[in-house]
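In: One predicted model, sequence on top.
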Amino acid sequence: MAAVLQPAKKSYFFGKGYRDVGNTIKGAWRRNFVSLRKFKNNITMSRISGDGRTTRLFKLVLNVLAMLSVLIYGSIITAVVSVINIAVVFVVMAVIYLGFSIIWLVDRLYLIRKHIFTACHECKEKSLIPTYICPRCGAQHTNLTPGVYGILKRRCNCGEKLPTTFFNGRKNLDAICPHCGTLLSNREAVPICIPIVGGRSVGKTAFITAFSKEFIDEVAPAKSWETEFYNDAKADMYKEIEQDYRMGSTRMTDRPQDVNKTSSISFSFFVKGAPFSPERLVHVYDIAGEVFTDNSENEIQKQYEYCQGIVLMVDPFAIPKVRNKCEGQLEPEDVAGIGKADINEIVDSFLNKLREVTGMSDKNMSSVPLAVVIGKIDSAGIMDEIGDLAIKSQMDSKPELFKDYYDTMDHLCRKFLKENGMESFINNVDLKFKDNRYFACTAIGHTRDKGQYNPQGVLAPMQWLFGKADSKMYHSWNDIKFSRKIPKITESAA
């Protein structure tokens, strides 16, 4: 594929330098031919001059010898000088090319080794290098890396010099998505991309609200980390999150009617601190449940192609057996908020999306960590089965089997689902995702609109996934020590 022309001037050593060498060599040979014509003309003029025969003969011999000297010695000297010129230029060019290649390779290896890429928050497309914008003229540079347009700096057609590497300021330039043209603020940070998936009214938005507020206001300050919103739109989104958190409410994720608008949204923020160089960029994705289950998105959900972990939200009251048993104990607002979609159908729909977007086989998809989160456990006594007291009681009664709090939570969640007719769901998850863990949480902590959030258990699944996504996060956000492998405990032993 032909290289895309850039709105920049090629480096001297990748364009004009070659032409100058060629012109110098051509000029030297041209001067030899000019000298030959001059001596030839002298011979012609001597024939028609009024000089005597002896004088004409002398001039003839003298000019013939001069022509022979030019032909023999002049050509040799010109050839030798040309070869030396070419050799010197070749050495210089080789050094320049070697330097350019090394710097390009260092830049590329840095991006790959640090797991840096651009995840567009609008179209969700992934790219290694975004399109950078010239701060003077607004020209779009689609491949701002060391190359023929410059090694450390590229000169835009307007004369502005642009940095071409991570270590000399490229990340400080404005950039846009090369696929959709959306203004980006990625700053060559390391992205951590976590989609929150599930059917309608399962509690995805409430989970994101609780996690975002707890992480930004509690976790980050306690770790001496700084957080910064991705852009003004995300800052406004956080103001809504804070308001919902105070009021105990949750907004239904919009289902866009405009096909030009994206179906999924992300809440995105940077995390900065001593452990993180470069800084981390967290994208938490939300999508309307009915859009997710109906496969009616306006755009291909490309975030599944590169996400480092997934949260699958489960509404326990969407399970028929649980609903029949507990519906009478629920507040009217809770009944109205029960998810209607079949959980097994949601999993099948999600797996189909992964195949469609990534083109991955089931084997490759299984490498993505999956946190299955049973929400709304504050209602109808669910907490008595999989909540904190139930977990501690199980650990106290059988300490030889249940030694870890979150391994015990995983066991009780699986047991709860099996006892309520969801064993096929568990088997499907185990079959498709080799790295999965079950969690129980309540995002709001009580019936919706009954006061400020009182979340329990929302940070644990995100800490587990963040640790899977990023080694620095694993060592820095380590409030919970998860076991590397969940022990298998048989029902008879339990």
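Out: Structure's in. What do you need?

In: which residues touch the strand or helix carrying Tyr245?
Out: Element membership of Tyr245, judged by DSSP states H and E, is helix 232-247. Applying Cβ atoms under 8 Å, 6 or more residues apart in numbering, the contact partners of helix 232-247 are 208-210, 212-213, 216, 229, 250-251, 267-269, 449, 452-453. No exception for glycine: its C-beta is placed from N, CA and C like everyone else's.

In: Mind doing that once more with 10 Å?
Out: 121, 185, 205-206, 208-214, 216-217, 227-231, 249-251, 265-270, 283, 443-444, 448-453, 455 (Cβ atoms under 10 Å, 6 or more residues apart in numbering).

In: Give the next helix or strand downstream of the helix or strand where Val372 lies.
Out: In the assignment (DSSP H and E), Val372 maps to strand 370-374. Note on strand 370-374: by DSSP H and E, the next helix or strand toward the C-terminus is helix 383-386.

In: Mind listing what's buried along that next one?
Out: Met383, Glu385, Ile386 (16 or more other Cβ atoms under 10 Å).

In: For the second one, give its distance to Phe90.
Out: If I follow you right, that is Glu385. Going from Glu385 to Phe90 by Cβ to Cβ, to the nearest Å gives 78 Å.

In: Do you have the helices of the stretch 301-450 of the chain handy? List them.
Out: For the stretch 301-450 of the chain, the helices defined by DSSP state H, counting those that start in this stretch cover 303-306, 320-326, 332-336, 343-358, 362-365, 383-386, 388-397, 405-419, 423-432.

In: Lowest average pLDDT across those helices?
Out: Lowest mean pLDDT within these: helix 362-365, at a mean of 62.

In: Excluding sequence neighbours, find me the nearest residue to Glu327.
Out: Val335 (6.3 Å; Cβ to Cβ, 6 or more residues apart in numbering).

In: how close does the closest residue to Gln456 other than its chain neighbours sit to Ser379?
Out: Leaving aside its chain neighbours, Gln456 sits nearest to Thr442 (5.2 Å; criterion: Cβ to Cβ, 6+ apart). Separation of Thr442 from Ser379 (Cβ to Cβ): 8 Å.

In: Met237 now?
Out: For Met237, the distance to Ser379 - Cβ to Cβ - is 27 Å.

In: same check, this time on Ser471
Out: Distance from Ser471 to Ser379, by Cβ to Cβ: 38 Å.

In: And the two? Which one has more around it.
Out: Neighbour tally, Ser471 and Ser379, criterion other Cβ atoms under 10 Å: the higher count belongs to Ser379, 22 against 11.

In: ok so, going back, the residue nearest to Gln456 contacts Asp334, doesn't it?
Out: No - Thr442 is beyond contact range of Asp334, at 11.5 Å (criterion: Cβ atoms under 10 Å).

In: Which stretches in the stretch 151-300 of the chain count as helices?
Out: Under DSSP H, counting those that start in this stretch, the stretch 151-300 of the chain gives helices at 204-214, 220-222, 232-247, 289-294.

In: Turn those into a markdown table, columns for mean neighbour count, mean pLDDT and distance to Thr24.
Out: Converted to a markdown table, these look like this (neighbours: other Cβ atoms under 10 Å; pLDDT from 0 to 100; distance: least, Cβ to Cβ, whole Å):
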| stretch | mean neighbour count | mean pLDDT | distance to Thr24 |
| --- | --- | --- | --- |
| helix 204-214 | 25 | 96 | 65 |
| helix 220-222 | 13 | 97 | 62 |
| helix 232-247 | 15 | 95 | 56 |
| helix 289-294 | 20 | 54 | 66 |
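
In: And those: which comes nearest Ile103?
Out: Ile103 lies closest to helix 232-247 among those, at 33.8 Å (Cβ to Cβ).

In: buried stuff in stretch 412-432?
Out: In stretch 412-432, counting by 16+ other Cβ under 10 Å, buried: 412-417, 420, 422, 425-426, 428-429, 432.

In: quick check, nearest of these to Ile346?
Out: So of these, ranked by how close each gets to Ile346 (Cβ to Cβ), first place is Phe425, at 9.3 Å.

In: Where does the prediction get shaky in the chain?
Out: 1-3, 15-17, 49-50, 252-263, 288-300, 339-341, 353, 356-365, 491-494 (pLDDT under 70).

In: residue at max distance from the center of it?
Out: Gly52 (90.1 Å; Cα atoms, centre = their mean).

In: Would you quantify the distance from that one to Met45?
Out: Counting by Cβ to Cβ, the gap from Gly52 to Met45 is 15 Å.

In: How about Thr145?
Out: 62 Å.

In: Between these two, tell me which one has more neighbours.
Out: Using other Cβ under 10 Å as the criterion, Thr145 and Met45 rank with Thr145 on top: 21 against 12.

In: doesn't Pro130 make contact with the more buried one?
Out: No - judged on Cβ under 10 Å, Thr145 makes no contact with Pro130 at a distance of 11.6 Å.

In: Arg19 and Ile25, how far apart?
Out: In terms of Cβ to Cβ, Arg19 sits 11 Å off from Ile25.

In: Can you give me the neighbour number for Val61?
Out: A count of nearby residues for Val61, using other Cβ under 10 Å, gives 11.

In: So for Arg19 and Ile25, which residue has more residues nearby?
Out: Per other Cβ under 10 Å, whichever of Arg19 and Ile25 has more neighbours is Ile25, with 18 against 10.

In: List the residues that contact the more buried one.
Out: Contacts of Ile25 by Cβ under 10 Å, 6+ apart are Thr78, Ala79, Val81, Ser82, Val83, Asn85, Ile86, Val89.

In: which of those residues count as buried?
Out: Here, 16+ other Cβ under 10 Å leaves Thr78, Ser82, Val89 buried among the contacts of Ile25.

In: which parts of the top strand by length along the chain are buried?
Out: For the chain, the strand with the greatest residue count under DSSP state E is strand 276-287. Neighbour counts over strand 276-287 (16+ other Cβ under 10 Å) mark Phe276, Pro278, Glu279, Arg280, Leu281, Val282, His283, Val284, Tyr285, Asp286, Ile287 as buried.

In: what's Asp384 in contact with, if anything?
Out: Asp384 neighbours (Cβ under 10 Å, 6+ apart): Ile377, Ala390, Ser393.

In: Adding distance to Ser35 and neighbour count, write these out as CSV.
Out: Shown next, in CSV, are the contacts of Asp384 (distance: Cβ to Cβ, whole Å; neighbours: other Cβ atoms under 10 Å):
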residue, distance to Ser35, neighbour count
Ile377, 98, 26
Ala390, 103, 19
Ser393, 106, 14
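
In: Which one of those residues is nearest to Gly309?
Out: Lowest distance from Gly309 to the contacts of Asp384 (Cβ to Cβ) belongs to Ile377, with 21.5 Å.

In: Glu385 is in contact with the closest one, correct?
Out: Yes - contact between Ile377 and Glu385 holds when scored by Cβ under 10 Å: they sit 8.2 Å apart.

In: who touches both of those two?
Out: Contacts common to Ile377 and Glu385, judged by Cβ under 10 Å, 6+ apart, are Pro316, Cys413, Phe416, Ala440.

In: which non-adjacent residue is nearest the last one?
Out: So the one you mean is Ala440. Ile386 (4.3 Å).

In: next helix or strand past the helix ranked longest in the chain?
Out: Secondary structure assigned by DSSP state H gives helix 75-113 as the longest helix of the chain. The helix or strand immediately downstream of helix 75-113 is strand 118-119, counting by DSSP H and E.
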